[in-house]
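>>> this one's sequence-less:
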Ligand SMILES: [Cu+2]
């Protein structure tokens, strides 16, 4: 019907970033996935890295890492480099926050504070930052810092060890698709994907114990 077509065309016009989408499934070859509890390993971060060297939009969003019930929430936080994260204490206990760079081993203690207080920290460099509390050794979170804004975090299903993912609004071009999971820290093995305006590129990613991602199309 003409009405339907007009509505759908208007919807496309409103979407300023447009671009294309990369979607598929990610699966992790691991004996078991823990989907419950403070130290679950259900999160996978899928990200696209531009291959053409064109400039990336600056980080626009802010993010929050909560400390509640002696747990960092969320357990895995993916952000773009340049993003400021607010570290909030929602417990009637003092909490500390210190960072351990997974790549360099460098540490940074940003302090200790009490209920209702927060401290901001801006993450400038891509990489994995393990976030810890010196007062509660069981507390841990992972901040996954990406160079660009083209990423998504998905939760694996406990039985299938799979999750569907979708990264929308990606400018057309060639990218490297990578996956990050805390147990299977995938550092290389990127797969090439081409993003086309208005289209969805399908890519199924398998994260293996050999620490690389395979893409099957
Ligand atoms: Cu603590």
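Right, received. Where do you want to start? Just so we're clear, the structure is a prediction, and the values are computed from it rather than from any experiment.
>>> ok, now how distant is the residue nearest the centre of the chain from residue 198?
The centroid of the chain falls nearest to residue 78 when counting by CA atoms, centre = their mean (3.1 Å). Remark: distance between residue 78 and residue 198 (CB to CB, to the nearest Å) = 26 Å. No exception for glycine: its C-beta is placed from N, CA and C like everyone else's.
>>> Tell me the residues of this protein that contact the ion?
Remark: the part of the chain in contact with the ion comprises 95, 133, 135, 136, using CB under 5 Å from the ion.
>>> Any chance of TSV for those, columns secondary structure?
Listed next are these as TSV, based on DSSP: H, G, I helix; E, B strand; the rest coil:
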residue	secondary structure
95	strand
133	strand
135	coil
136	strand
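>>> Please identify which two of these are farthest apart in space.
Pairwise distances across the residues of the chain next to the ion (CB to CB) peak at 7.1 Å, for the pair 95 and 136.
>>> between these two, which one's more packed in?
residue 95 (24 against 17; other CB atoms under 10 Å).
>>> any idea whether residue 58 is helix, strand or coil?
Of the three states, residue 58 takes coil according to three-state DSSP.
>>> Could you give the number of residues near it?
If we define neighbours as other CB under 10 Å, then residue 58 has 10 of them.
>>> residues in contact with the nearest residue to it once chain neighbours are set aside?
Take residue 58 and drop its neighbours on the chain: the residue closest to it by CB to CB, 6 or more residues apart in numbering is residue 82, 5.9 Å away. Residues in contact with residue 82, defined by CB atoms under 8 Å, 6 or more residues apart in numbering, are 58, 59, 122, 123, 124.
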